[in-house]
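# Return atomic coordinates for the entry below.
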Amino acid sequence: MNSQRFPGKMMEPLEGSPAIEWVLHRTAKAALVDDVVLATTADPLDDPLAMTAERLGIRVFRGSEADVLGRYARAAEMSAAETVVRICADRPLVDPNVVDLAVRTFHEHKPDLAFNHISDPAARWPRGFGAEVLSASLLAWMDKNAMAPDEREHVTIYAWKHRDRYRISPAECPPALDPGIPDLKLDLDTPEDLHRLKILCAGETIDVPAERIVARWREIRPA
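Model (predicted):
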């Protein structure tokens, strides 16, 4: 809730429900995800996020605002997770089938980290539908050894900074989800992003599939 660019963004309404509810509801629909935990801060500003999660029956871990890596590691421990699926809360259009693709890629191809949350030369995923997937043991190792401020803030960036040590693999992007351009931005960082999402989601339900969003974007191309 304390976003510098867009304070309170996760409680902004999207087709009648707060953005954080879209994230949690849609994440919980992923068939290959066993447990969902909202890893938010202990700041009272984030009470509305925790209350929304609790209303939806989703567990909450609250920790340091600055140490996001530590927050993730503690949430993984709370779930006794073996595999961790990281979904940024500023992605109200996260799609359960896209998340499942990332999980399937991780288990079938066994990289250190699988992803489909951002574009890659091998897979032009839009920003906003997907996830990162890694082992709980790698997350725990980074929590103990990654100490730079950006490594504590951005959770997996240690692995991305050391791609010579870690195999990082994108999930294959289906044609229906490839917008034809790299890095199509469908996440929520600014009021302008919210305006774009409202155009794309107008008249849709909270379960609108990613394919429908991409098709609508192709039809209307909102700025």
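
# which residues are contacting the biggest helix by length in the chain?
Longest helix in the chain by number of residues (criterion: DSSP state H): helix 96-109. Contact partners of helix 96-109, identified using Cβ atoms under 8 Å, 6 or more residues apart in numbering, comprise 26-33, 83, 85, 87, 111, 113-117, 125, 129-134, 169-172, 177, 209-210. Where C-beta positions appear, they are placed from N, C-alpha and C, glycine not excepted.

# what about the residue nearest to Pro191 when sequence neighbours are not counted, neighbour count?
Spatially, and ignoring its direct neighbours in sequence, Pro191 is nearest to Phe6 (6.0 Å; Cβ to Cβ, 6 or more residues apart in numbering). Neighbours of Phe6 under the rule other Cβ atoms under 10 Å: 16.

# for Phe6, what are its contacts?
Listed by Cβ under 8 Å, 6+ apart, the contact set of Phe6 reads Leu188, Asp189, Thr190, Pro191, Asp193, Leu194.

# can you check Cys173 too?
Asn116, Ala123, Arg124, Trp125.

# quick one: secondary structure of it?
Three-state secondary structure (criterion: DSSP: H, G, I helix; E, B strand; the rest coil) places Cys173 in coil.

# what bits of the chain have low per-residue confidence?
223 (pLDDT under 70).

# Helices of that one, residue ranges please.
19-28, 47-55, 68-79, 96-109, 136-145, 149-153, 157-161, 191-201, 210-220.

# wait, isn't Asp67 in contact with His154?
No. Judged on Cβ atoms under 8 Å, Asp67 makes no contact with His154 at a distance of 11.3 Å.

# what about stretch 125-145, how long is it end to end?
The first residue of stretch 125-145 is 30 Å away from its last residue (Cα to Cα, to the nearest Å).

# before we move on, the earlier item: of the helices of the chain, which approaches Met11 most closely?
The minimum distance between Met11 and the helices of the chain falls on helix 47-55, with 5.3 Å, by Cβ to Cβ.

# Which single one of the contacts of Phe6 is nearest to Glu15?
Leu194 (11.8 Å).

# Quickly note the distance from that closest one to Arg86.
23 Å (Cβ to Cβ, to the nearest Å).

# so what's the residue nearest the centre of the chain up against?
The chain has Ile87 as the residue nearest its centroid, 2.3 Å off, counting by Cα atoms, centre = their mean. For Ile87, the contacting residues are Val23, Thr27, Val94, Val99, His117, Ala131, by Cβ under 8 Å, 6+ apart.

# Among the contacts of helix 96-109, name the buried ones.
26-27, 29-30, 32-33, 83, 85, 87, 111, 113-117, 125, 129-134, 169-171, 177, 209-210 (16 or more other Cβ atoms under 10 Å).

# neighbours around Ser135, how many?
Other residues lying near Ser135 total 17 when counted by other Cβ under 10 Å.

# so it bridges to which residues?
Thr83 (DSSP bridges).

# residues contacting it?
Residues near Ser135 by Cβ under 8 Å, 6+ apart: Glu82, Thr83, Val84, Asp112.

# quick one: the first one and Leu134 touch, right?
Right, Glu82. No. With contact defined as Cβ under 8 Å, Glu82 does not count as touching Leu134 (10.8 Å).
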